[in-house]
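Asker: Predicted structure and sequence below. I'll ask about it afterward.
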Amino acid sequence: MKIIISNNSYTPIFEQIKNTIINQILSDELTEDEPLPSIRSLAQDLRISVMTVKKAYDELENEGYIITKQGKGSFVAPKNTELSKEQKQKEIEDYILKIVDISKKYNISKDEIIETFDYIYRSEEDE
């Protein structure tokens, strides 16, 4: 498992870890029942506090991405297809929000955006 953290990012380190693991689970880089590094070893590898990794793992567990087995460690949870779909939907919504912000900034109407979307979507289907 490869995790790169940025000290220059405005995103907290625990959240960078959490997001990286979620992305690796959703892209099948990490698979069901695959063991994750221990909190202590990941903290050492990343040269960060154990509490930072623990916070990331706790949130991942609360959100259903990983499970922790006492004395055995943390593992990728069985895929919840509804959770996976929800995460992908959220990613699309984030892009749509960016499109809305840009279109308002440049005074481009909703109809023009939809027309552009339809055109691009159709041209991608034709390929």
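Answerer: Right, received. Where do you want to start?

Asker: This protein: strands as residue ranges?
Answerer: With DSSP state E applied, the chain shows strands at 66-69, 73-76, listed in chain order.

Asker: Buried residues in the first one, which are they?
Answerer: Using 16 or more other Cβ atoms under 10 Å as the test for burial, strand 66-69 gives 66, 68. Glycine gets a C-beta too; all of them are placed from N, C-alpha and C.

Asker: neighbouring strands for it, and are they parallel or not?
Answerer: For strand 66-69, the paired strands and their directions (DSSP bridges) are strand 73-76 (antiparallel).

Asker: List the contacts of the strand it pairs with.
Answerer: Identification of contacts with strand 73-76 by Cβ atoms under 8 Å, 6 or more residues apart in numbering yields 25, 30-36, 38-39, 57, 60-61, 65-69.

Asker: are any of these buried, and which?
Answerer: Going by neighbour count (16+ other Cβ under 10 Å), the contacts of strand 73-76 have 25, 30, 36, 39, 57, 60, 65-66, 68 buried.

Asker: Mark which of those are part of helices, please.
Answerer: Taking DSSP state H, the ones among these that sit in helices are 25, 39, 57, 60.
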